[in-house]
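Enquirer: the following block contains a protein sequence and its predicted model.
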Amino acid sequence: MFITLLLVTFAISIGVATAVVRLFRSALAVILARLVTEELAFAWQRYMEFAIYVVGVSGGVRVWELEKYITGRSRDGKAVELNTDRWVLEVYRTIIRDAAEHCLDALGLLRLCADRVRDHAGIRA
C-alpha cells in the first residue's frame with residue numbers, strides 16, 4: 001500500500017508540473033525572448049521547464065512525510081494506518097504543495113525579470 005501511495009503522489013506531482021509547464025510555456029517564452037537572445041531564450045526556457053519538474057516532484061513527493069506509514073511515528077510507536085481518509089489527505093497535500101511550490105517559482109521568475117528590467121533601464125532598487 002505504501003509503494004502505491006508513493007507512486008500515486010509521484011504521478012500527481014508529474015501531472016501538476018506538466019500542467020504548469022503547459023499553462024505558462026508561452027508566457028515564459030515571451031518573457032525570456034525580451035530578456036535574452038533567441039538562442040539563449042530557447043535554452044533558458046528548456047532549463048526552466050526542467051526546473052519546474054524537479055521542484056514539483058521534490059515538493060510533491062515528500063518521502064520524509066510518507067515514512068510515518070512504515071516507521072511508526074505515531075504517539076504509541078506504531079505505524080500510522082494507511083486508510084482511505086489518509087489517502088485523500090496525502091493526495092490533497094501533494095496537489096496543494098505542488099501548486100504552492102510552482103507559485104513560489106513563478107514569483108521568483110518575476111523577481112528575476114523585474115531585476116533584469118530595472119538593471120537594463122538603470123533604475124536603482
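Expert: Thanks, I have the structure now.

Enquirer: and the longest helix seen in the chain, how far out from the chain middle?
Expert: For the chain, the helix with the greatest residue count under DSSP state H is helix 84-121. Distance of helix 84-121 from its chain centroid, counting by C-alpha atoms, centre = their mean, to the nearest Å, is 6 Å.

Enquirer: buried stuff in it?
Expert: By neighbour count on 16 or more other C-beta atoms under 10 Å, the buried set for helix 84-121 is 90, 94-95, 97-99, 101-102, 105, 109. Heads up, the C-betas are built off the backbone N, CA and C, glycines and all.

Enquirer: I'd like to know which elements that helix is packed against.
Expert: Applying 3 or more C-beta pairs under 8 Å, 6 or more residues apart in numbering; DSSP states H and E, one finds that helix 84-121 contacts helix 2-35, helix 38-60.

Enquirer: can you tell me the SS state at L82?
Expert: Under DSSP: H, G, I helix; E, B strand; the rest coil, L82 falls in the coil class.

Enquirer: from A17, how far out is it?
Expert: As for L82, its distance to A17 is 25 Å (criterion: C-beta to C-beta, to the nearest Å).

Enquirer: thank you kindly, that will do.
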